[in-house]
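>>> with the input below, show me the fold.
(one chain, ligands or ions: 2)
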Amino acid sequence: MSTSLAVALGDPAGIGPEIVAKAWESRQSDNLAPFFAVGDKAGIEAVWRGPIQVIADPAEASSRFAHALPLIQIDSGDEVVPGKPTLEGARNSLDALELAVGLTRSGAASGLVTGPVSKAQLYAIGFAHPGQTEFVAERCGVASDMVAMMLAGPTLRTVPVTGHIPYRDVPEYLTTELIIAKGRATIRGLRRLFGIDRPRIAVAGLNPHAGESGALGREEIDIVVPAIERLREEQADVTGPHPADTMFHPRARSAYDVALCLYHDQALVPLKALHFDDGVNTTLGLPIIRTSPDHGTAFALAGQNEAHPGAMMAALTMAAACARRLGQA
Ligand SMILES: NC(=O)C1=CN([C@@H]2O[C@H](COP(=O)(O)OP(=O)(O)OC[C@H]3O[C@@H](n4cnc5c(N)ncnc54)[C@H](O)[C@@H]3O)[C@@H](O)[C@H]2O)C=CC1
Ligand SMILES: NCC(=O)COP(=O)(O)O
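Numbering: from 1, shown residues only. Ligands and ions are numbered 1, 2, ... in the order given. The predicted model follows:
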């Protein structure tokens, strides 16, 4: 059984390499479980002068971790210039993700932590998935509707039912079946990975004031309420549809474990407003543990030593805690 987490570095020209190196620097003060990086060490060397130990086998990581940042090298075949993304860099981020997923699936790593990738750059090299969530799900043999992207911080968890699609397409994608599938993945994930036996789920409405009894839109009545009724059969306390504008203040948040939101920004705006520096994106419904910092590549910040490592450290801490809960660490 492995005791180390696999950390895909993300886009080598983004802030991924810097926040992984900074997380390693605070491994003792923050009591981080051992991890090893997967990616091009040139991306780290471009922004950091600390010790890197190239390893060939994840089993070496835990003994090296105290003295150097262990890394499985994947050459990008290109010079890495922080803040200047290239297509070679995007391919490298995908290769690193692929290997890190495989190592985790095989049990050579206890969990997967993914650094930030650029969706635009990945799309430019032909990446056909909306994001890393769906890519990892496919590699694990799970349909993307069956996994849930959960954003989590110390005072809020949110799950978007629809994800990386244009806003105008949300009503078309939003079905009772999809809300049920995402709700089920959320309930089971909270139970399995977070030990919440009977999760409290607050389901958001789509329209202003959750539709005002149908006067401001019928999605709540026609689509959301039937899903809530079905989710109540899952040994969970499910409430809603709640008007989204009044469900994120502190008193409202204390009444639920997770907010099931209907589209991307409904879930991510409150989470990032509250927890930008310690928010974690985790995928529920996979056979493996996968976490990620909630932020992106921040290309404009790369190479300036100003990237905050908090969200990466929170992603590492959450992955290690989930691995311990599953007896994998
Ligand atoms: N986990 C992932 O792989 C994610 C990837 N992305 C991708 O990242 C790219 C850029 O997305 P944006 O919307 O610009 O979001 P972003 O999170 O990269 O940047 C938004 C703002 O926050 C700042 N910022 C981000 N992380 C920071 C950190 N650790 N410390 C200090 N400041 C930080 C940036 O400088 C910028 O001002 C996109 O291509 C997007 O697809 C976005 C979110 C998550
Ligand atoms: N907005 C969240 C995000 O972009 C991360 O998506 P994913 O690549 O983890 O699927």
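>>> what about the strands in the stretch 1-150 of the chain?
Remark: strands assigned in the stretch 1-150 of the chain by DSSP state E, counting those that start in this stretch are 5-8, 35-39, 52-54, 69-73, 111-114, 148-153.
>>> Serialize these to TSV and add fields for mean neighbour count and distance to Arg324.
C-beta here means a position set from N, CA and C on the backbone, and glycine is covered the same way. Listed next are those as TSV, based on neighbours: other C-beta atoms under 10 Å; distance: least, C-beta to C-beta, whole Å:
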stretch	mean neighbour count	distance to Arg324
strand 5-8	31	11
strand 35-39	30	14
strand 52-54	16	25
strand 69-73	23	20
strand 111-114	29	10
strand 148-153	25	17
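>>> closest to ligand 1 out of the ones you listed?
strand 111-114 (6.4 Å; C-beta to the nearest ligand atom).
>>> partner strands of that closest one, parallel or antiparallel?
strand 5-8 (parallel), strand 290-293 (parallel) (DSSP bridges).
>>> any idea how far it is from the chain center?
In terms of C-alpha atoms, centre = their mean, to the nearest Å, the centre of strand 111-114 is found 9 Å from the chain centre.
>>> what sits up against that strand?
Under the criterion C-beta atoms under 8 Å, 6 or more residues apart in numbering, residues 5-8, 10, 35, 97, 100-101, 104, 132, 136, 288-292, 312, 315-316, 319-320, 322-323, 328-329 lie in contact with strand 111-114.
>>> name the nearest residue to Ile179, ignoring sequence neighbours.
Nearest non-adjacent residue to Ile179, counting by C-beta to C-beta, 6 or more residues apart in numbering: Ala227, 3.7 Å away.
>>> I'd assumed Ala181 was in contact with that neighbour.
No - between Ala227 and Ala181 there is no contact under C-beta atoms under 8 Å: 9.4 Å.
>>> can you narrow the contacts of strand 111-114 to ones near ligand 1?
Gln132, Ser292 (C-beta under 6 Å from any ligand atom).
>>> excluding chain neighbours, what is closest to Gln121?
Gln121 sits nearest to Ala90 (C-beta to C-beta, 6+ apart), 3.8 Å away.
>>> how about the residues of the protein by ligand 1?
Going by C-beta under 6 Å from any ligand atom, the residues of the chain near ligand 1 are 15, 19, 116-120, 132, 281, 292, 295-298, 300-301, 307-308, 311.
>>> quick check on the residues you listed: which are buried?
Among the residues of the chain next to ligand 1, those buried by neighbour count (16 or more other C-beta atoms under 10 Å) are 15, 19, 116-119, 132, 281, 292, 295, 297-298, 301, 307-308, 311.
>>> how close does whatever residue of the stretch 1-150 of the chain ends up closest to ligand 1 sit to ligand 2?
Closest approach of the stretch 1-150 of the chain to ligand 1 (C-beta to the nearest ligand atom) occurs at Lys119, with a separation of 3.4 Å. Per C-beta to the nearest ligand atom, to the nearest Å, Lys119 is found 7 Å from ligand 2.
>>> can you pull the contacts of the residue nearest to that residue when sequence neighbours are not counted?
Nearest residue to Lys119, sequence neighbours excluded (C-beta to C-beta, 6+ apart): Gly131, at 6.2 Å. Neighbour list for Gly131: Lys119, Gly163, His164 [criterion: C-beta under 8 Å, 6+ apart].
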